[in-house]
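Undergrad: Pasting a predicted model and its sequence here:
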Amino acid sequence: MSDGERSRAAEGPDFRQAGDGDPGCYQDRERCCSRPVGEGVRERQRRELSYFGVKVAMIEPGYFKTAVTSKERFLKSFLEIWDRSSPEVKEAYGEKFVADYKKSAEQMEQKCTQDLSLVTNCMEHALIACHPRTRYSAGWDAKLLYLPMSYMPTFLVDAIMYWVSPSPAKAL
């Protein structure tokens, strides 16, 4: 055993966790609402495990082109839900909402990163580095959009999300 391996073995158990996966391209509002809660839970788990010598590295990817983010899969599930909705819900949201969501699905699929090596490189670094980082942001959208948004005031994030998301026909 080399000196480097011996010092790593002396550090105790080592555990790395890869975030909560690809969130899907069309869950912006849900992601922005649930992200702070998820971050809080993951941070608490990370701190709790550190008492036992376990290290946790969180990988928070942006949008990547995978089966989860495929336009066809999203539209199929969205339209199934829309077809099962009550007439009151359909009236409140309107057909323009559906058309806008279909259009945004087309645009978002084009914006998804195809290079999955950005995520696997983060995983590799977290697993083999002598001093891994606590958090990894994979993809430019994660670094330049979602990370800064996590530090913004809530009212500002809400305003941005309202501006870029389709709104229901009978919204106030």
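TA: Alright, I've got the coordinates.

Undergrad: alpha carbons only for contacts and neighbour counts from here, please
TA: Noted.

Undergrad: Name the residues of the helix or strand hosting Leu127 that are buried.
TA: Under the criterion of DSSP states H and E, Leu127 resides in helix 117-128. Under the neighbour-count criterion of 16 or more other Cα atoms under 10 Å, helix 117-128 has 118-119, 122-123, 126-127 buried.

Undergrad: and Gln107, what is it in contact with?
TA: The contact partners of Gln107, by Cα atoms under 8 Å, 6 or more residues apart in numbering, come to none.

Undergrad: and it, how far is that from Gly62?
TA: With distances taken as Cα to Cα, to the nearest Å, Gln107 is found 16 Å from Gly62.

Undergrad: May I see the buried residues of helix 117-128 organised as CSV, with pLDDT added?
TA: As requested, the buried residues of helix 117-128 are exported to CSV (pLDDT from 0 to 100):
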residue, pLDDT
Leu118, 91
Val119, 90
Cys122, 92
Met123, 92
Ala126, 91
Leu127, 92
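
Undergrad: And those residues, which two are furthest apart?
TA: Greatest spatial distance among the buried residues of helix 117-128 (Cα to Cα): Leu118 and Leu127, at 14.5 Å.

Undergrad: Where do the strands of the chain begin and end?
TA: 58-61, 135-138 (DSSP state E).

Undergrad: Return the most buried member of these.
TA: The highest average neighbour count among the strands of the chain, using mean count of other Cα atoms under 10 Å, belongs to strand 58-61 at a mean of 24.

Undergrad: Sheet-wise, list the partners of that one with their directions.
TA: strand 135-138 (parallel) (DSSP bridges).

Undergrad: May I have the strand it pairs with as CSV, with CA atoms only?
TA: Taking Å, rounded to 0.1, in the frame of the first residue of the first chain, the C-alpha atoms of strand 135-138 are listed here in CSV:
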residue,chain,number,x,y,z
ARG,A,135,-20.9,20.1,-4.6
TYR,A,136,-20.5,19.7,-8.3
SER,A,137,-22.5,21.6,-10.9
ALA,A,138,-22.5,19.7,-14.3
